[in-house]
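# Build me a model:
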Amino acid sequence: MNAADIGVQVRDGEGKLVYANAAAAAMMGENDATVGVRREELQWGERAYLLERGAFRCGAQEYRLAVAVDVDAQRRTQDELFTRAYFDPLTALPNRELCSRALEDFTADRGRGFALVMIAVEKFTQIATIYGAAAADELLIRLAERLSQSLVGSEWLARVGPEEFCLLLPGLVDSEALRSRIARMLERIAAPCLVDGLEVFASARAGAAVWPSDDETPDGLWRKARSALAAAQRADRAAARLFEPEIERLEMERAKLELSLRSAIRDRRIGCAFQPKVDFRTGKVDGVEVLMRWRDEAGEWNAPGDFLDLAHRVGLTNDITRLVFEETVASLDILDETFAPGLSVGFNISARQAGDSRFMKRFAEELAATGCAHRFVLELTEEAFLPATQFQMRVLPMLRELGARIAIDDFGSGYSSLSTLADITADEVKVDRSLIVGIDAKPRNQSMLRAIESIGVTLGAEVMVEGVETEEELAYLRDHSSIRVAQGFLLGRPIVLPAPSASHAGVASRSEPGRDRLSTRAVERRQG
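This next block holds a predicted model:
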């Protein structure tokens, strides 16, 4: 009883104190709390207590009982529990649960329509990687404050995900007015934030649905606003989308695509094609790059299309990578027969995978088990090499110890910088196709390519280019650069090799449907 935080006081029939536990002594002292109405709230000193009284008999003696509860403490506990249940601890905004209740209240009020707006901060994980988790949290707090300051009247804001906010905007049902309001909010988010003395830039995408025109139910409205947000996130330019039936149709198609992808993984219908890297000065194949392919129910091999983006979104990238790697290792002998023995094999790893030390450790173990790690060139985009990443600190040394080489893929399309190259000492730098398209007529791109070449020479990294598709582009590279290796449809399209388990003696490599098969002789003819 002395451990309880409820005060218990017992007096006999004459009012003499028989028992009081520690809490009762602290709350009531010597006051006779057993006299009065059965239940009431009393004030003793600065504290309020809820007092309940009763009586009982023990033998011939009657006793009076009083039980006291500290109302202030109880209310504080209730407030704390309510806050934990319904408010985000970081931003102090309502959370998803309370937002759902508010949405039900809004739809129950039939007086006027309203808009539900979902806002997602872009590349938040990347921001946390670059600046640290504490700075990312501080950024979210600042963004929540900015959005809160933009609210008027009975408008409502909640944090409903790690980097997602939800707004309920009563009366805002006109499409143009809604677009204008969302654009202003996104502008507020895009303004630079000073976090720990650093200027941090954020951007966001938004999706909106209107009640009751888009949907009359809370769940339906929520689902359609999220579909509009997903459409905005997939778009190249549109920062915000309002729901329309076409978005829902596309969502259904993506759902079917996800089922197809999961079925392809389950049935091991994920394979690979190989695209040659060609030394265009000699006409010889210098290496190959592994590209993911999937086989449909009819047995036809298909390029990934939207599969890879969807795989990232639904967390299936690692499963696909493992299947493609197994297929690649099993195909090494056929690769040697098709092209030349011992060619290097470029294998793509996403930036997200590179930052996953558990996945990369397992991948490194599997790579070491092949006994051919020295043949692999792991191609990663620049994001994987940003300072202080898991890949830089833990994974890169492990891969180099195995003998694998490292290439920066799509260089020039992301965070290209001198520090990126200096920190990682890459073996290869693959110039992104965006710099190569029409380079023969683009002086600025020509200057950038020369600069990348100079950096490559200084750091001892071989520079090669991707996406060579015209004779003019190839001629410029041959006549005005020191680059010798390129990839592109002009030099060789991806080919699907015979299944490794089949007898492949004398079996020709198969081009992808509708594409020409590469041969060294064909390349030599193109070079004259």
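# which residues in the stretch 401-528 of the chain form helices?
For the stretch 401-528 of the chain, the helices defined by DSSP state H, counting those that start in this stretch cover 418-424, 433-436, 443-459, 471-480, 520-526.
# What segments of the stretch 201-350 of the chain are helices?
Secondary structure of the stretch 201-350 of the chain, counting by DSSP H, counting those that start in this stretch: helices at 218-234, 245-266, 307-314, 317-330, 332-338.
# Just send those helices back as a markdown table, with mean pLDDT and mean neighbour count too.
Placement of C-beta: from N, CA and C, glycine included. Output for the helices of the stretch 201-350 of the chain, formatted as a markdown table (pLDDT from 0 to 100; neighbours: other C-beta atoms under 10 Å):
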| stretch | mean pLDDT | mean neighbour count |
| --- | --- | --- |
| helix 218-234 | 92 | 21 |
| helix 245-266 | 86 | 14 |
| helix 307-314 | 81 | 16 |
| helix 317-330 | 93 | 18 |
| helix 332-338 | 92 | 17 |
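# between those helices, which gets nearest to Asp410?
Within those, the stretch nearest Asp410 is helix 307-314; the backing value is 13.5 Å (C-beta to C-beta).
# what separates the closest one from the chain centre, distance-wise?
11 Å (C-alpha atoms, centre = their mean, to the nearest Å).
# Would you agree Leu147 falls within a helix?
Yes: using DSSP: H, G, I helix; E, B strand; the rest coil, the secondary structure at Leu147 is a helix.
# circling back to that earlier point, distance to Lys277 for the helices of the stretch 201-350 of the chain - can I get that in TSV?
Compiled in TSV, the helices of the stretch 201-350 of the chain are given as follows (distance: least, C-beta to C-beta, whole Å):
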stretch	distance to Lys277
helix 218-234	31
helix 245-266	27
helix 307-314	21
helix 317-330	15
helix 332-338	13
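# any idea how the chain splits into domains?
Structural domains assigned to the chain are 7-75, 87-243, 256-526, following automatic domain parsing.
# Distance to Arg249 for those domains - can I get that in a markdown table?
Compiled in a markdown table, these are given as follows (distance: least, C-beta to C-beta, whole Å):
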| stretch | distance to Arg249 |
| --- | --- |
| domain 7-75 | 51 |
| domain 87-243 | 10 |
| domain 256-526 | 11 |
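# Double-check Lys277 against Lys284; I have them as touching.
No: in this structure Lys277 lies outside contact range of Lys284 using C-beta atoms under 8 Å: 10.3 Å.
# Who has more neighbours out of these two?
Counted by other C-beta atoms under 10 Å, Lys277 and Lys284 do not tie: Lys277 has more neighbours, with 26 against 15.
# Any figure for the gap between Ala238 and Ala204?
Applying C-beta to C-beta, to the nearest Å, one obtains 13 Å for the distance of Ala238 from Ala204.
# More neighbours: these two, which one.
For Ala238 versus Ala204, neighbours defined as other C-beta under 10 Å are more numerous around Ala204 (26 against 12).
# I figured that one hits Leu186, correct?
Yes: here Ala204 lies in contact with Leu186, judged by C-beta under 8 Å, at a distance of 5.5 Å.
# Gln233 and Asp309, how far apart?
With the distance defined as C-beta to C-beta, Gln233 ends up 10 Å from Asp309.
# sorry, that was for Gly197
Using C-beta to C-beta, one obtains 36 Å as the distance from Gly197 to Asp309.
# Can you point out the buried residues in the helix or strand encompassing Leu140?
Leu140 belongs to helix 133-149 when elements are defined using DSSP states H and E. Of the residues in helix 133-149, those buried by neighbour count under the rule 16 or more other C-beta atoms under 10 Å are 135-136, 138-140, 142-144, 147.
# now what about that helix, what contacts it?
Residues external to helix 133-149 that are found in contact with it (C-beta atoms under 8 Å, 6 or more residues apart in numbering): 90-93, 119, 121, 124, 127-128, 131, 157, 159, 163, 165, 167, 185, 188-189, 191, 193, 195-196, 198, 200, 202.
# Report the buried members of those.
Neighbour-count burial (16+ other C-beta under 10 Å) is assigned, among these, to 91, 93, 119, 121, 124, 127-128, 131, 157, 159, 163, 165, 167, 185, 189, 193, 195, 200, 202.
# and the most centrally placed residue in the chain, which of the three is it?
Note on the chain: the residue nearest the mean C-alpha position is Thr125, at 6.4 Å, using C-alpha atoms, centre = their mean. At Thr125, secondary structure determined by three-state DSSP is helix.
# measure it to Pro89 for me?
Using C-beta to C-beta, Thr125 is found at 20 Å from Pro89.
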